[in-house]
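>>> starting from these lines, generate the structure:
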Amino acid sequence: MIDLHAHTTASDGSFTPTELVQLALSLGLTALAVTDHDTIDGVPEAVEAAAMTGTLEVVPGIEFSVDYIHGEFHLLGYFVDVAQPAFLSRVRYLQENRFNRNQVMVRLMQEQGFEITLADVEAEAGGGQIGRPHMARAMMRKGYVQSVQEAFNEYLADGKPLHVPKVKLDPAEAIELVHAAGGVAVLAHPRFLGFSARDELFTELTRLRALGLDGLECYYSQHSSEQTETYLGMAAELDLVVTSGSDFHGVSKPDVPLGVVFQGKPGAPELLERLRARRNERQIVVAP
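You can find the predicted model right below:
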């Protein structure tokens, strides 16, 4: 009973790492991956909270935003060494860029006439890393929008008045960075890559496999049964390890519950064992 894709207040989730672990335990999960956006800050607390129970394994992970010409490309890194110097340095750089971007976006909000400060947004983040969902909730609290989705649709989504692009890794760099930290690189939610034709997606996955991609998130809360079967077939053809995740965020995605991955159920535990085996097969030597 596993869920390998969940977020905490370290990025744009609404549950602290400890609260996320407690929720996972209450649902009977046996393994949970903490995969916050461009940060590993929530991992140590989650690992510590789970260790006290002895019944839940927390897989240290991350979700990188990747610069991509087509649709949305997110790369999941599993079993990453959160203390590996090169990995940690690059993650810190991405966090600094995110902080600068947040300041610019708040200034744009004020120029648009919204009486919202950085402190207002920080309060919504609860001390964690600020993201656009926190800005959306600050706008809701002030009465400027009725929902998080409205805030994104009208102001915060790509191309909207308050959006500022963030620094992203390219696919090869993101994969290499995960490998440098001893991790396994998995493409998240392939439906968002932007390929409507199967052959085009397969060609792209073949290219990414050549760059070192290890796996594909086939079981995902927002994949249809048909999409799931398609992705499973591609993963088998390309020898990509299969993973499963809900993409749980909490308040900002209320229709995505933790532990509900495919057909109302969590992922199967053997998927985690295959992921672990892939890590061992790679026999990655992590740089000192």
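
>>> which residues of the stretch 1-150 of the chain score low on pLDDT?
127-128 (pLDDT under 70).

>>> now swap in the stretch 151-288 of the chain and tell me
Low-confidence segments of the stretch 151-288 of the chain (pLDDT under 70): 283-288.

>>> how about the strands in it?
Assigned by DSSP state E, counting those that start in this stretch, the stretch 151-288 of the chain shows strands spanning 184-187, 215-220, 241-245.

>>> mind listing what the shortest one pairs with, with the direction of each?
Strand 184-187 has the following strand partners under DSSP bridges: strand 73-78 (antiparallel), strand 215-220 (parallel).

>>> with respect to residue 153, which of the ones you listed lies nearest?
Nearest to residue 153, of all the strands paired with strand 184-187, is strand 73-78, at 20.6 Å by CB to CB. C-beta: built from backbone N, CA, C; applies to glycine.

>>> past that closest one, which element shows up next along the chain?
helix 85-111 (DSSP states H and E).

>>> list the contacts for the nearest residue to residue 190 once chain neighbours are set aside?
Distances taken as CB to CB, 6 or more residues apart in numbering put residue 231 closest to residue 190, at 5.7 Å, once the chain neighbours are dropped. The contact partners of residue 231, taken as CB atoms under 8 Å, 6 or more residues apart in numbering, are 190, 216, 218, 223.

>>> repeat that for residue 242.
For residue 242, the contact set (CB under 8 Å, 6+ apart) comprises 215-216, 218-219, 232, 235, 271, 274.

>>> repeat that with 7 Å
Listed by CB atoms under 7 Å, 6 or more residues apart in numbering, the contact set of residue 242 reads 215-216, 218, 232, 235, 271.

>>> quick one, which of the residues you listed are buried?
When the contacts of residue 242 are checked for burial by 16 or more other CB atoms under 10 Å, the buried set is 215-216, 218, 235, 271.

>>> wait, residue 41 touches residue 9, no?
No: Residue 41 lies out of contact with residue 9 (CB atoms under 7 Å); the separation is 9.3 Å.

>>> does the residue nearest the centre of the chain sit in a helix, a strand or a coil?
Centroid-nearest residue in the chain, with CA atoms, centre = their mean: residue 63, separated by 3.7 Å. Following DSSP: H, G, I helix; E, B strand; the rest coil, the label given to residue 63 is strand.

>>> which non-adjacent residue is nearest it?
Nearest non-adjacent residue to residue 63 (CB to CB, 6+ apart): residue 35, at 4.5 Å.

>>> kindly provide the distance from the one you found to residue 27.
17 Å (CB to CB, to the nearest Å).

>>> which of the two has more neighbours?
Ranked by neighbour count (other CB atoms under 10 Å), residue 35 and residue 27 place residue 35 first, with 32 against 15.

>>> so who does the more buried one touch?
5-7, 61-63, 76.

>>> with residue 117 instead?
Neighbour list for residue 117: residue 106 [criterion: CB under 7 Å, 6+ apart].

>>> same check on residue 257?
Residue 257 makes contacts with 246, 248, as judged by CB under 7 Å, 6+ apart.

>>> got phi/psi on it?
phi -80, psi 150 (degrees, to the nearest 10).

>>> do residue 41 as well
Per-residue torsions, residue 41: phi -60, psi -30 (degrees, to the nearest 10).

>>> excluding chain neighbours, give the residue nearest to it in space.
Taking CB to CB, 6+ apart, and ignoring the residues beside it in sequence, residue 41 has residue 10 as its nearest neighbour in space, at 4.2 Å.

>>> brilliant, that's me finished.
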